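>>> The following comprises the amino acid sequence and a computationally predicted model.
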Amino acid sequence: MDKILRIDIGAEGGPKVTITGLGEYAGFGGRGMTSAIVSKEVPPLCHPLGPENKLVIAPGLLSGSASAMSGRISVGCKSPLTGTIKESNAGGQPAQVLARLGYAAIVLEGKPTDDTIYKVYINKDGVKISPANELKLLPNYDLVAKMKEQYGDRIACISIGPVGEMKMNVASVACTDMEIRPTRHAGRGGVGAVMGAKGVKVIVLDDTGMPMRTPANLEKFKDANKRFVDGLMKHPVTGQALPAYGTNVLTNIISEAGGYPTYNFKEGSFAGASKISGEVEAELEKQRGGNPTHGCHRGCVIRCSGIFHDKDGHYLTKQPEYETVWAHGGNCGIDDIDKIAMIDYLDDNYGIDTIEMGATIALAMEAGLAKFGDADAAINLVKEVGKGTYLGRILGAGAEITGKVFGLEKVPVVKGQALPAYDPRAVKGIGVTYATSTMGADHTAGYAVATNILKVGGFVDPLKPEGQIELSRNLQIATAAIDSTGMCIFIAFALLDQPETFQALLDLLNAFYGWDLTAEGVMDYGKKILTMERDFNLRAGFTKEHDRLPRFFYRDKLPPHQVTFDIKDEDLDKVFNW
């Protein structure tokens, strides 16, 4: 994995391919690679949909190897949703395949000179770029089916749906799973709109004939991988809860804790939570011939995904995840898991971020376009976005713009990005992460819920301000490093509770690269990435005053605990003091 593939879409005479070595980007992978390239090469004041922005797609440092859990891919750019630097993360097969093809990154540059769209095919023999106007506005499932017909069933695809082509802020980048279904999405920040602005509809990857990446020390690598997997399997979250019920195991837990945002962040518990919980979802999947335990990429041992069938026993979508079930469920007052699964399918097919879309629909309900709890109306609103109608274009611009268009005050966004499925008043650590993340409100940037609610890595009372700054800071640093390895963020549960599993991860990296990385070195690596990201944002015009939650979180008490977000601004300003 020693090459960077650059495709200048707007080159004279048509797209131009350049392949270089890693150069100054050596040692980076995943989020580290995307943020390094974007922070150095993209003018911070450029328009996100203009030719100066770049879309960087990077597998992790361990992707393409035999390491468990190493199949995450990072997609980075200047975000059209937030205006900040952005890294959006996805599972699926593309990271493993791209890494085995030898590429540490694909960089899409420039802008097409006309309205031609392109497909990119990459295999062991090289790179081929072809005009593909016949694929215009195809939804992701139909698009991937055509790619399978053309290139066979050993491929992985990175694609956008019609919403990405229409360059809407809610647009995601889809990655195919092991069954070559477009179910894994780099959803946040409108990265799909940037891919659409580059005129690239799909990147088809075929690693036929390419070997697994080999470590510098094979025996040490095998030993470390075994210890790493053993640690994941013995932890109650990664070894039991997530495989059995998926991420949606959190619905009952967070609702009972009073931190489950309901009816556009009005309440902290949802009366219908038990109808859309992970336990209910898993039982339905079993009854209908689906599967509640499924890995999104080869090498996943946690297997928190699943296969969801409709009432007739036919495949509908991948198992809707916790954030999706909340966004289209509790936050909109909807307690019908089948309708939520249908919206999940539509989001994947059109290429839409489920979190941003769900938050936006809740605002539309707040504005009177539909009633809370009306699942059919929610489905129709998603279809408006997919069709690109005038209303669909407004909703497709995201929660912040929708709130402005309809004159709403309580719009739950930070730096233009909608808050995910934990209310910051009742889970204050995640509130710190939302406020201060380099990428707008993002739960994965520093998942304080682990310690606030699940008591992983200790316990910090979610209802009190004490300890939340330090908790978020440490998690944001560690997460930036983990996002660079290609590892799934869920490994953090075991890493936080089991020092020996964290050591096994260090041993994996050291055995693969011949490094001598320490725990302190991991933190330094995370700090380096965050420093690059914050530097970009500073040059883009962001200040400490942008590291704040909307005022209503400080003012309006959240039932059932009747709490507000009471962490002081001067304390938020200390998150990145290290």
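Structure received.

>>> Just read off the phi/psi values of the residue lying closest to residue 326 once chain neighbours are set aside.
Counting by Cβ to Cβ, 6 or more residues apart in numbering, residue 326 lies nearest to residue 421, which is 3.7 Å off, once chain neighbours are set aside. Glycine gets a C-beta too; all of them are placed from N, C-alpha and C. Per-residue torsions, residue 421: phi -90, psi 30 (degrees, to the nearest 10).

>>> Ok, residue 534 next?
When read as degrees, to the nearest 10, the backbone of residue 534 gives phi -70, psi -30.

>>> Can you name the residues bridging to residue 75?
With DSSP bridges applied, the residues forming beta bridges to residue 75 are residue 57, residue 88.

>>> how much space is there between the spatially most central residue of the chain and residue 521?
By Cα atoms, centre = their mean, the chain has its centre lying nearest to residue 89, at 3.9 Å. According to Cβ to Cβ, to the nearest Å, residue 89 stands 22 Å off from residue 521.

>>> Could you do residue 187 as well?
31 Å.

>>> which residues touch the residue nearest to residue 326?
Listed by Cβ atoms under 8 Å, 6 or more residues apart in numbering, the contact set of residue 421 reads 250, 254, 260, 261, 322, 323, 326, 327, 330, 331, 355, 443.

>>> Among those residues, which one sits closest to residue 557?
For these, the residue nearest residue 557 by Cβ to Cβ is residue 261; the value is 13.9 Å.

>>> residues near that closest one, how many?
Residue 261 sits with 30 neighbouring residues when counted by other Cβ atoms under 10 Å.

>>> For this protein, give me the ranges with low pLDDT.
Nowhere does the chain drop to pLDDT under 70.

>>> Start and end of stretch 560-570, how far apart?
28 Å (Cα to Cα, to the nearest Å).

>>> Can you list the buried residues in that stretch?
561, 563, 564, 565, 567 (16 or more other Cβ atoms under 10 Å).

>>> which one of those sits closest to residue 539?
residue 567 (27.0 Å).

>>> Pull the contacting residues for that closest one.
Shown in contact with residue 567 (Cβ under 8 Å, 6+ apart): 428, 431, 432, 465, 468, 469.

>>> ok, now how distant is it from residue 330?
24 Å.

>>> Please enumerate the helices of the stretch 401-550 of the chain.
428-436, 449-452, 468-485, 492-497, 499-513, 519-539 (DSSP state H, counting those that start in this stretch).

>>> Also the stretch 101-250 of the chain?
Counting by DSSP H, counting those that start in this stretch, the helices of the stretch 101-250 of the chain are 140-151, 162-165, 191-197, 218-234, 236, 242-245, 250-256.

>>> Output the ones you listed in TSV, with mean neighbour count appended to each entry.
Listed next are the helices of the stretch 101-250 of the chain as TSV, based on neighbours: other Cβ atoms under 10 Å:
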stretch	mean neighbour count
helix 140-151	18
helix 162-165	27
helix 191-197	30
helix 218-234	18
helix 236	13
helix 242-245	22
helix 250-256	23
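
>>> Tell me which of these lies nearest to residue 370.
Here helix 162-165 is closest among the helices of the stretch 101-250 of the chain (Cβ to Cβ), at 19.7 Å.

>>> got a list of contacts for the closest one?
Residues contacting helix 162-165 (Cβ under 8 Å, 6+ apart): 117, 136-139, 170-173, 192-193, 195-196, 201, 350-352, 385-386, 388, 396.

>>> Likewise for stretch 34-49?
Outside stretch 34-49, the residues that reach it (Cβ under 8 Å, 6+ apart) are 24-25, 28, 52-54, 56-58, 74-80, 83, 85-87, 105, 107, 167, 190, 193-194, 197, 529, 532-533, 535-537, 539-541.

>>> which of these count as buried?
Here, 16+ other Cβ under 10 Å leaves 25, 28, 52-54, 56-58, 74-80, 83, 85-87, 105, 107, 167, 190, 193-194, 197, 529, 532-533, 535-537, 540 buried among the contacts of stretch 34-49.

>>> hmm, back to that, report the two of the contacts of residue 567 separated the most.
Most distant of the contacts of residue 567, by Cβ to Cβ, are 431 and 469, 10.8 Å apart.

>>> Compare these two and say which is more crowded by neighbours.
residue 431 (30 against 21).

>>> so who does that one touch?
Residue 431 touches 424, 425, 468, 549, 553, 565, 567, counting by Cβ under 8 Å, 6+ apart.

>>> do that again at 10 Å, thanks
Contacts for residue 431 were tallied using Cβ atoms under 10 Å, 6 or more residues apart in numbering; they are 259, 414, 419, 422-425, 441, 448, 452, 462, 465, 468, 472, 549, 553, 565-567, 572.

>>> same question, residue 489
Contacts of residue 489 by Cβ under 10 Å, 6+ apart are 69, 72, 89, 443, 444, 445, 447, 478, 479, 482, 483.
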